[in-house]
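In: Kindly return the folded structure for what I paste below:
(chains A and B)
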Amino acid sequence: MLIALFFIISITFFLMRLAPGSPFASERQFPPQIEKQLNAKYGLDNPWYIQFKDYVADSLTFDFGESMKYKGRSTNDIIFDSFPISMTLGIEAMLISIGFGVIIGVIAALYHNRFPDYLAITIAVLGISVPSFILAGLMQYFLAFKLGMFPISGWKGFIYSILPALAIAITHIGFIAKLTRSSMLEQMNSEYVKLARAKGLGKWKTVFKHTLRNALLPVVTYLGPLAAGVLTGSFIIEQVFSIPGLGRHFVTSISNRDYTVIMGTTVFYSIILLLAVFIVDILYSVIDPRIKLKGAKR
Amino acid sequence: MAHTDQQVEKFDTKMFSIVGIREKETEKLAEKSISFWKEVLLRFSQNKLAIIGLVLLIIIAIMAIVAPMTSPYNYREQLGIYNAPPSAAHWFGTDDLGRDMFVRVWEGARISLFIGLTAAVIDLIIGVLWGSIAGLSGGRVDNIMMRIADVLSAVPYLLVVIILLVVMEKGILPMIIALSITGWINMARIVRGEVLSIKNQEYVLAARTLGANTWHLIIKHLIPNAFGAILVTMTLTIPTAIFTESFLSYLGLGVPHPDASWGTMASEGNKALTSAPWRLFFPAFFISLTIFAFNAIGDGLRDALDPKLRK
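Out: Numbers count the residues shown, from 1 in each chain, chains lettered A, B, ... in the order given. The predicted structure follows:
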């Protein structure tokens, strides 16, 4: 995991060095002295290995320096201002996708090869096929603009978060529904479910007490990719709904070539994602006692 | 014992007669045996969703080839009619620069399909080579090669692609490179898994004993046997590539003007959503349709190839 992190840190560093255009380029031409001073301030005049060493040291202490574009704002400020917004949105999206995905999957499995199954599968396939940004645009147009049910854009309260969260979630709803359905079907043929039914337990009670517990294991493995998908999904969705989250800052910093912010957010994103995958791994072994973490004590 | 003896005695030779040799019936098999691939094809063709996907895809491909050639307009030609709604002359309307959307949508189909297919083929080549070499060599080589893949795949895919595209000039080629730089890992893992299960089987051992070298093994034995898994992975890689392409184009990192890709068009359309909704609708519809078609085919192939579902 740490190797992966180091890899990301170094690859962003070298790619940023290779990138054409300078963060100061978009403004009017500086006199050479000022440009020299600016370069000195950000350490751009050092040889690359010293820059790299500084940069790695800074990353380790979580100090990404000042934004090259917005003077006086440090990257840390930007991250900590906007990340809570993205996190709220992300958690909401994750809850929606898990909740709806599992429910749709369970219904599809219980009514296998009957109408509700076909309906659920169609919804799932549509959800997977329609990219989130397109759905966001369409929802914005029909639900917010035409019907006025939701605010079109902005970030001023819970009601503002519903459409964006739904737009991010829809693809994952589809995936989770498919996963749940197939593993439910597999579990429903097993002996213990038949036994539970035979001893007179109700249909739904069997599902919640027995089947679902085992059927959800594949869904738990999907949580890692889900976290990644929700995060990257926010890049566009925050843009579409003009939400001042981290995703939007990331995208803006890319077009501004704001190196410090790009590197800061990339490293930050990577830490969050690797952490998410790590937590999922632990969670997996907690839920399924058959799987032991490598090196775990017996 | 006495009871059974009595029963046996009851059978008389008169009860039996000689029927002779029925040559035809001894030659007949219980059921006509069909080859594995024929059976796969049969099961694939019974999957309605997959067939719908295949038909849709063929239509889209034909339109992408034919439409820009036969249309009276050019995809970069500015006709002077701005933001016109769909009509008989312009089936999908026109955009803010007065370009015919119908031609642009199919031109976009060419670019999106090209990027998706090329990225998938590159993934295929690198992934198959990497996976089969790692799987065949085993031991330390395998370990190092798969560790590299692990580290690469721990890096968030889109993040890398975005960073790469920031560095490179905009265009189709950088897009393909960026898409395939981490895209091959999945393929490599699947191929390695297949190779590991195949390589210890007797016929591979026999081939080795007869002096076949690694290349011969990969091409003659491993690839044909891992073909099913490879095919499914590839069909499911293409929609991911198309999706990522449109995602990146939407962020403004895609194919530059005046070329049209679906993502770029959808992104422009989104900005003009309130005044010209058709500019979002058509590219959006075809992105979704294409991704759906590939996914349906991929799922159908996977089901058809799954030995657990064989009848």
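In: and the helix or strand where B:Phe282 lies, what does it pack onto?
Out: Using DSSP states H and E, B:Phe282 sits in helix B:278-305. Applying 3 or more CB pairs under 8 Å, 6 or more residues apart in numbering or on different chains; DSSP states H and E, one finds that helix B:278-305 contacts helix A:115-129, helix A:132-139, helix B:36-46, helix B:48-70, helix B:101-137, helix B:223-250, helix B:262-271. For the C-beta atoms, the positions are set from N, CA and C on the backbone; glycine is no exception.
In: Just want the angle from the fifth one to helix B:223-250.
Out: Using axes from the mean of the first three to the mean of the last three CA atoms, to 10 degrees, the interaxial angle of helix B:101-137 with respect to helix B:223-250 works out to 140 degrees.
In: now could you export just the CA positions of the following helix or strand past helix B:101-137 as PDB?
Out: Later in the chain than helix B:101-137, the nearest helix or strand by DSSP H and E is helix B:139-154. Taking C-alpha atoms only, helix B:139-154 is exported to PDB below (Å, rounded to 0.1, in the frame of the first residue of the first chain):
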ATOM      1  CA  GLY B 139       8.300 -18.300  -9.200                       C
ATOM      2  CA  ARG B 140      10.100 -15.000  -8.800                       C
ATOM      3  CA  VAL B 141       9.300 -13.700 -12.300                       C
ATOM      4  CA  ASP B 142       5.700 -14.200 -11.700                       C
ATOM      5  CA  ASN B 143       5.900 -12.600  -8.300                       C
ATOM      6  CA  ILE B 144       7.600  -9.500  -9.500                       C
ATOM      7  CA  MET B 145       5.400  -9.100 -12.600                       C
ATOM      8  CA  MET B 146       2.200  -9.400 -10.600                       C
ATOM      9  CA  ARG B 147       3.500  -7.100  -7.800                       C
ATOM     10  CA  ILE B 148       4.000  -4.400 -10.500                       C
ATOM     11  CA  ALA B 149       0.500  -5.000 -11.700                       C
ATOM     12  CA  ASP B 150      -0.800  -4.800  -8.100                       C
ATOM     13  CA  VAL B 151       0.900  -1.500  -7.500                       C
ATOM     14  CA  LEU B 152      -0.300   0.000 -10.800                       C
ATOM     15  CA  SER B 153      -3.900  -1.100 -10.100                       C
ATOM     16  CA  ALA B 154      -3.800   0.300  -6.500                       C
END
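In: Please point out which parts of helix B:139-154 sit buried.
Out: Neighbour counts over helix B:139-154 (16 or more other CB atoms under 10 Å in any protein chain shown) mark B:Asp142, B:Met145, B:Met146, B:Ala149, B:Val151, B:Leu152, B:Ala154 as buried.
In: Past that helix, which element shows up next along the chain?
Out: Using DSSP H and E, the helix or strand that follows helix B:139-154 in sequence is helix B:157-167.
In: and that following helix with chain A, contact?
Out: Yes: for helix B:157-167 and chain A, the contact criterion (CB under 8 Å from any CB of the partner chain) is met by B:Tyr157, B:Leu158, B:Leu159, B:Val160, B:Ile162, B:Ile163, B:Leu164, B:Val166, B:Val167.
In: how distant is whichever helix or strand A:Gly101 is part of from the center of its chain?
Out: Here A:Gly101 sits within helix A:75-110, counting by DSSP H and E. Offset of helix A:75-110 from its chain centre (CA atoms, centre = their mean, to the nearest Å): 8 Å.
In: Next: stretch B:127-144.
Out: Relative to the mean C-alpha coordinate of its chain, stretch B:127-144 is positioned 23 Å out (CA atoms, centre = their mean).
In: One more: stretch A:280-287?
Out: For stretch A:280-287, the distance to the chain centre is 19 Å (CA atoms, centre = their mean).
In: can you check stretch B:293-300 too?
Out: Relative to the centre of its chain, stretch B:293-300 is centred 7 Å away, using CA atoms, centre = their mean.
In: neighbouring contacts of that stretch?
Out: A:125, A:128-129, B:44, B:47, B:49-54, B:56-57, B:60, B:232, B:235-236, B:238-239, B:242 (CB atoms under 8 Å, 6 or more residues apart in numbering or on different chains).
In: Buried ones only from those residues, please, as a ChimeraX command.
Out: Buried members of the contacts of stretch B:293-300, defined by 16+ other CB under 10 Å, are picked up in ChimeraX with:
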select /A:125,128,129 /B:44,47,49,50,53,54,56,57,60,232,235,236,238,239,242
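In: re the thing from before, got the angle for the helix holding A:Gly101 vs helix A:132-139?
Out: Using the same axes, to 10 degrees, helix A:75-110 lies at 80 degrees relative to helix A:132-139.
In: The helices and strands packed on helix B:278-305: which one's closest to B:Pro85?
Out: helix B:101-137 (10.2 Å; CB to CB).
In: in that closest one, what counts as buried?
Out: Neighbour-count burial for helix B:101-137 flags B:101-113, B:115-120, B:122-124, B:126-128, B:130-136 (criterion: 16+ other CB under 10 Å).
In: Give me the contact status of it with chain A.
Out: No: counting by CB under 8 Å from any CB, no contacts exist between helix B:101-137 and chain A, the nearest distance being 11.7 Å.
In: For that helix, enumerate the helices and strands it packs against.
Out: Partner elements for helix B:101-137 (3+ CB pairs under 8 Å, 6+ apart): helix B:48-70, helix B:139-154, helix B:172-199, helix B:223-250, helix B:262-271, helix B:278-305.
In: so, if you compare the buried residues of helix B:139-154, which one comes nearest to chain A?
Out: Chain A lies nearest to B:Ala154 out of the buried residues of helix B:139-154, by CB to the nearest CB, at 3.6 Å.
In: A:Gly127 contacts A:Thr171, correct?
Out: Yes: A:Gly127 lies in contact with A:Thr171 (CB atoms under 8 Å); the separation is 5.8 Å.
In: Quick test: name the residue nearest the centre of the chain.
Out: Picked chain A for this. Centroid-nearest residue in chain A: A:Leu231, 2.2 Å away (criterion: CA atoms, centre = their mean).
In: that's the wrong chain, I meant chain B
Out: When CA atoms, centre = their mean is applied to chain B, the residue found nearest the centroid is B:Thr235 (0.7 Å).
In: what residues are up against it?
Out: Taking CB under 8 Å, 6+ apart as the test, what B:Thr235 contacts is B:Phe294, B:Ile297, B:Gly298, B:Leu301.
In: hmm, try it at 10 Å
Out: Taking CB atoms under 10 Å, 6 or more residues apart in numbering or on different chains as the criterion, B:Thr235 is in contact with B:Gly53, B:Ala120, B:Ala293, B:Phe294, B:Asn295, B:Ala296, B:Ile297, B:Gly298, B:Asp299, B:Gly300, B:Leu301, B:Arg302.
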